[in-house]
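*Asks:* Using only what follows, build the 3D model:
(one chain, ligands or ions: 1)
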Amino acid sequence: MTDITELSAVELRDAITAGDISAVAAAEAYLEAIDRIDPRLHAYNEVHRDRAMERASDIDRRLSAGERPGPLAGVPVALKDNLCTAYGRTTCSSAILADYRSPFTATAVRKLEDAGAIVLGKTNLDEFAMGSTTETSATGPTLNPWDTGRVPGGSSGGSAAAVSAGICAAALGSDTGGSIRQPAAFCGVVGFRPTYGRVSRYGVVTYGSSLDQVGPLARDVSDCALLTAAISGHDPADSTSVPADVPDYPATVDTPLENLKIGVVREFLSDSLDADIRQAIDSAAETYASLGAEVREVSLPYSAIDRDDEGNISSHAVACYYIVAMAEASSNLARFDGVHFGHRTAERVRDIVELYSRTRAEGFGDEVKRRVMLGTYTLSAGYYDAYYNKAMKVRRLIHRDFERAFETVDVLLGPVAPTVAYRLGEKADNPLQMYLGDIYTISVNLAGLPGLSIPGGVSKAGLPLGIQLIGPVFSEQTLLRAGHMFEQASGIRRLRPDLAGT
Ligand code: GLN
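*Replies:* Below is the predicted model of the structure:
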């Protein structure tokens with residue numbers, strides 16, 4: 001008998017649409033897998049059991065009435081808990097929103113459900129998506145299914161772990177500086193951040209408005225194409241969503257790419273990169289060359305890593321990202337004040353200012369406080385020019401680096417993160433060390449580009465190795481085709497952890 005949870009989203013959708021598996025059986029199989037596996041991982045903050053079963057019966061009813069419920073008919077999915085849903089809670093893994101119920105549903109989620117997907121529940125993240133490990137979550141960290149002593153990456157760590165452990169068929173995450181791609185790499189799944197503006201941000205609790213984008217995490221590239229097509233498109237409720245046609249990604253994912261030009265980013269292959277990951281990139285380059293692609297070296301000078309005489313590393317991209325992201329965060333998070341949203345202090349207060357400050361002191365965790373304070377500092381009179389304005393200039397230069405690179409190549413190939421998944425607690429007390437781990441993902445957000453993270457193999461120690469493909473704006477189709485081509489040629493796809501030891 002087929003194990004339903006082993007099927008890809010495309011296979012499951014086909015089986016449900018053909019009547020071979022019922023949507024109810026699929027939802028039951030996943031809910032049972034969640035009961036069995038999630039207590040060991042904590043990928044979910046909340047499971048919407050009854051609603052999932054009702055929606056699944058509805059899909060079955062529509063199928064038996066001869067309707068076609070959509071390209072994701074009956075596929076059980078998970079949602080990062082910073083995507084608003086008019087059912088259940090939307091907590092952002094923060095104490096300040098612990099009981100928050102949104103009055104509306106995010107456009108990306110609504111589109112996924114309109115396509116027939118069944119929402120299983122909400123997944124854990126770093127508080128307000130600020131972090132790289134899920135360790136800043138107020139509900140505690142998610143553990144990596146490949147090794148429960150390690151982090152799953154972040155901030156969409158719950159979604160990545162859930163896909164990897166087979167406790168959802170696919171998931172949505174958000175990516176402000178790598179939060180889809182890096183956890184996908186740490187958990188051995190595929191993660192896709194589309195171009196800024198491709199997917200509506202309406203109903204995504206904002207972290208950095210100019211950087212955030214919603215995207216899928218899935219078992220393989222075809223599944224990613226399916227979800228990307230479902231959630232993309234213009235939304236009048238988000239003025240930054242682009243009114244452009246959405247190509248049929250699933251239909252074209254198989255089309256071979258003739259004469260693809262691939263650029264390997266010189267600055268990404270420094271000695272701060274794990275040897276195993278470097279090797280995965282070299283062999284991916286060879287795979288592409290054997291498929292007829294032209295592989296050459298390109299340069300992104302502003303994404304370089306500098307090392308001083310004492311061995312300390314720094315990067316323009318990391319400095320620029322953390323100034324921009326924190327400035328936007330400090331302004332966006334001003335709304336959590338105990339009046340508009342969420343938790344309000346139970347202490348007696350003298351005035352509104354004390355109400356705000358006590359509420360925020362109680363409700364926010366340390367990392368969020370650090371960012372709100374640093375962001376407020378860089379935006380304040382006297383420092384604005386030195387920090388925020390300077391960062392905006394560097395952002396422009398980073399953008400220009402990419403424009404130049406894409407004059408000569410179609411796709412850039414590089415790592416997702418400098419290391420494989422590290423141990424829980426290993427970087428938790430060293431924010432700078434943690435921020436430097438975002439070095440290969442954040443330039444993509446600063447330039448508004450799409451980036452695809454795919455498994456490039458497994459390390460000697462048995463942990464997944466992520467590789468990244470980056471393209472110009474709106475090159476989703478090319479990236480998905482290039483990712484699919486690699487999966488087919490290398491045979492590296494649908495990696496599954498051995499959960500017996502967890
Ligand atoms: N790790 C990065 C940060 O902490 C990226 C987070 C994200 O993409 N949401 O800001």
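
*Asks:* Mind listing what's buried along the helix or strand harbouring residue 327?
*Replies:* If you go by DSSP states H and E, residue 327 is part of helix 316-332. Buried residues in helix 316-332, counting neighbours by 16 or more other Cβ atoms under 10 Å, are found at 316-318, 320-332. Heads up, the C-betas are built off the backbone N, CA and C, glycines and all.

*Asks:* Please, which helix or strand holds the residue in the stretch 401-502 of the chain that the ligand sits nearest to?
*Replies:* Of all residues in the stretch 401-502 of the chain, residue 438 sits closest to the ligand, at 4.7 Å by Cβ to the nearest ligand atom. Using DSSP H and E, residue 438 sits in no helix or strand.

*Asks:* again with residue 28
*Replies:* Per DSSP H and E: helix 23-41 holds residue 28.

*Asks:* Show me which parts of that helix are buried, residue by residue.
*Replies:* Residues 23-31, 33-34, 37-38, 41 are the ones in helix 23-41 that count as buried (16+ other Cβ under 10 Å).

*Asks:* what helices or strands is it leaning on?
*Replies:* Contact partners of helix 23-41 among helices and strands, from 3 or more Cβ pairs under 8 Å, 6 or more residues apart in numbering; DSSP states H and E: helix 9-17, strand 44-47, helix 49-64, strand 76-80, strand 118-123, helix 157-164.

*Asks:* orientation of it relative to helix 9-17 in degrees?
*Replies:* Between helix 23-41 and helix 9-17, the angle formed by their directions is 140 degrees, by axes from the mean of the first three to the mean of the last three Cα atoms, to 10 degrees.

*Asks:* Quick check: the residue nearest the centre of the chain vs the ligand, distance?
*Replies:* Centroid-nearest residue in the chain, with Cα atoms, centre = their mean: residue 180, separated by 1.5 Å. Distance, residue 180 to the ligand, by Cβ to the nearest ligand atom, to the nearest Å: 7 Å.

*Asks:* Can you read off the pLDDT for that residue?
*Replies:* Per-residue pLDDT puts residue 180 at 98.

*Asks:* Report the separation between it and residue 125.
*Replies:* Going from residue 180 to residue 125 by Cβ to Cβ, to the nearest Å gives 11 Å.

*Asks:* Overlap of the contact sets of these two?
*Replies:* 156, 159 (Cβ atoms under 8 Å, 6 or more residues apart in numbering).

*Asks:* hang on, residue 215 in a strand?
*Replies:* Yes. Looking at residue 215 with DSSP: H, G, I helix; E, B strand; the rest coil, it is inside a strand.

*Asks:* my guess is it contacts residue 191, does it?
*Replies:* Yes. When contacts are counted by Cβ atoms under 8 Å, residue 215 is listed as touching residue 191 (7.0 Å).

*Asks:* buried sites along the helix or strand residue 469 falls within?
*Replies:* Assessed by DSSP H and E, residue 469 sits inside strand 464-470. If you call a residue buried by 16+ other Cβ under 10 Å, then strand 464-470 has these buried ones: 464, 465, 466, 467, 468, 469, 470.

*Asks:* the inter-axis angle of whatever helix or strand comes next after that strand versus strand 464-470?
*Replies:* Heading C-terminal from strand 464-470, the first helix or strand you meet, by DSSP H and E, is helix 476-490. With the same axes, to 10 degrees as the basis, helix 476-490 and strand 464-470 are set at 140 degrees to each other.

*Asks:* buried residues in helix 476-490?
*Replies:* Buried, per 16+ other Cβ under 10 Å, within helix 476-490: 476-488, 490.

*Asks:* as a whole number, average confidence for it?
*Replies:* Model confidence over helix 476-490, given as mean pLDDT, is 97.

*Asks:* Likewise for stretch 379-396?
*Replies:* 95.
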